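1. sequence unknown, structure follows:
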């Protein structure tokens, strides 16, 4: 019999839509007991995953685990396989391999010898690292943006906290390599003044205006770095 239903749980009592009378709902979901039209691969996948995890979980030797996991061969031209080949020379267990893969994939290094400057938003910088990071425009009204009159005080405060979090994300994108004698470099830039037109276009509310020049304040986020922050330099 082909049958299609929906599992529902309410107060720990499972029920099935269109449940045949006198049959236990959870028993109906056992391996091979439910046939969903056009869904054979979906039906089988949870049980295949369980079997695969059991098979791989029994192998603790990293040299034996990798061929078992990758189907017996490492393809040199495959970037993922090449990454694994590089990592297994420094680790001893499958758990360490997982941690190393997560680190390599989620926090990739930006090559230090690139010929171009990469410009991105603070949002886009998440997960990236570079020996040199420049955060430009650390000016009140730009980073953080001015409060929005259309938002409630609570919403404006939440927006401020999100921008503060992103600022500190940017600060932590710097990666030093002491073994190679290369310290990380972080530059935070701000302006004392700009043209009034540029300030208005950027949504910056100047502290004062003189002869078409808008004088602005440095971002509060820099002030919040505290006394340990490097002294500002004019340039």
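-> Noted; the coordinates are in hand. Because the structure is predicted, anything quoted here is derived from the model rather than measured.
2. in the protein, which segments are predicted with low confidence?
-> Within the chain, the stretches with pLDDT under 70 are 1-46, 72-74, 76, 105-116, 235.
3. Which residue ranges of it form helices?
-> Assigned helices in the chain, in chain order: 25-28, 40-57, 62-69, 79-87, 94-106, 153-171, 196-201, 220-223 (criterion: DSSP state H).
4. What lies in contact with the last one?
-> If you take CB atoms under 8 Å, 6 or more residues apart in numbering as the criterion, helix 220-223 is touched by 138, 140, 143, 144, 163, 164, 167, 188, 190, 229, 232. Quick note: C-beta positions are derived from backbone N, CA and C, even for glycine.
5. how does it look with 10 Å?
-> Helix 220-223 is contacted from outside by 135, 138-140, 143-144, 160, 163-164, 166-168, 170-171, 188, 190, 217, 229, 232, using CB atoms under 10 Å, 6 or more residues apart in numbering.
6. re the thing from before, could you dump the helices of the chain into CSV and include mean neighbour count and distance to residue 210?
-> Converted to CSV, those look like this (neighbours: other CB atoms under 10 Å; distance: least, CB to CB, whole Å):
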stretch, mean neighbour count, distance to residue 210
helix 25-28, 12, 77
helix 40-57, 11, 68
helix 62-69, 14, 67
helix 79-87, 14, 56
helix 94-106, 13, 48
helix 153-171, 14, 28
helix 196-201, 14, 9
helix 220-223, 16, 23
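7. Turn the ones you listed into a markdown table, columns for distance to residue 209.
-> Shown next, in a markdown table, are the helices of the chain (distance: least, CB to CB, whole Å):
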| stretch | distance to residue 209 |
| --- | --- |
| helix 25-28 | 72 |
| helix 40-57 | 64 |
| helix 62-69 | 65 |
| helix 79-87 | 54 |
| helix 94-106 | 45 |
| helix 153-171 | 24 |
| helix 196-201 | 6 |
| helix 220-223 | 21 |
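8. now for these, which one comes closest to residue 118?
-> helix 153-171 (13.2 Å; CB to CB).
9. Does anything pack onto the closest one? Which helices or strands?
-> strand 132-135, strand 185-188, helix 220-223 (3 or more CB pairs under 10 Å, 6 or more residues apart in numbering; DSSP states H and E).
10. Turn the ones you listed into TSV, including distance to residue 47.
-> Listed next are these as TSV, based on distance: least, CB to CB, whole Å:
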stretch	distance to residue 47
strand 132-135	47
strand 185-188	51
helix 220-223	51
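11. quick one: which of these is nearest residue 175?
-> So among the helices and strands packed on helix 153-171, strand 132-135 is nearest, using CB to CB, at 8.8 Å.
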